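[1] The sequence and its predicted three-dimensional model are supplied below.
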Amino acid sequence: MPIDYSKYPANWKTEIRPAILKRAGNRCEKCGVENAVFGYRDKAGVFHRSEGLQAEADVLDGHRVFRIVLTVAHLNHDRTDNRPENLAALCQRCHLLHDREQHRETRKRNRMLNESELEIFMEEKR
C-alpha cells in the first residue's frame with residue numbers, strides 16, 4: 001500500500017527515515033536482511049539472496065524474485081510518535097508481521113461498520 005506522506009512530519013524522508021536506516025546498518029532490525037537486495041523467501045520465510053537476477057519477474061528455484069525495501073515501522077503503531085526508540089527499520093515481511101494484529105482489528109472494525117451501514121440502508125429502503 002502506498003504511503004501517504006502528508007500524515008508524516010516534513011522531515012520524515014530527509015532526516016527521520018535515513019537516521020533509522022543508518023542506525024540499523026541498512027538491515028531489517030528483525031530478520032537482518034539487507035536493504036535493496038534481490039532474492040526470494042522460502043516456505044519458512046527465510047530470505048535467499050539471488051546472484052545475477054535483478055528483476056521482479058525473474059524466478060529462482062520456483063520462487064518469484066523480489067527486491068527488499070526497508071520500511072520504518074512505528075513500534076507502538078502511533079504515527080505521531082517519531083521518537084527513535086519507537087521506530088524500527090523493517091523489511092516488508094517483518095513490518096506486515098509486526099502490524100498483523102492491528103490490521104486484523106481494522107478489518108474487523110471495517111466489517112462491522114459495513115454491516116451496520118448495510119442495515120441502515122436496508123431500513124431506509126423499507
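    Yep, that arrived. None of these values were measured; they are calculated from a predicted model. Numbering: from 1, shown residues only.

[2] which residue ranges form the strands in this protein?
    Using DSSP state E, the strands of the chain run over residues 38-41, 47-49, 59-60, 63-64, 66-67, 71-74, 87-90.

[3] what sits against Leu75?
    Asn86, Leu87, Ala88, His98 (CB atoms under 8 Å, 6 or more residues apart in numbering). From N, CA and C alone the C-beta is placed, and that goes for glycine too.

[4] surely the last one meets Gln92?
    No: using CB atoms under 8 Å, His98 is not in contact with Gln92; the gap is 10.8 Å.

[5] between the strands of the chain, which gets nearest to Trp12?
    With respect to Trp12, and counting by CB to CB, the nearest of the strands of the chain is strand 71-74 at 8.3 Å.

[6] same question for that closest one, mean pLDDT?
    Taken as a whole, strand 71-74 has an average pLDDT of 96.

[7] Let's see the pLDDT reported for Leu87.
    Confidence score, pLDDT, at Leu87: 98.

[8] residue ranges with poor pLDDT in this protein?
    Where the chain drops to pLDDT under 70, the residues are 1-2, 53-61, 115-126.

[9] where do the helices sit along it?
    For the chain, applying DSSP state H gives helices covering 17-23, 92-125.

[10] Pick the most buried one from the ones you listed.
    Neighbour counts (mean count of other CB atoms under 10 Å) averaged over each of these peak at helix 17-23, with a mean of 15.

[11] List the contacts of that helix.
    Residues outside helix 17-23 that contact it (CB under 8 Å, 6+ apart): Asn35, Leu70, Val72, Pro84, Leu87, Ala88, Ala89.

[12] No further queries at this time; thank you.
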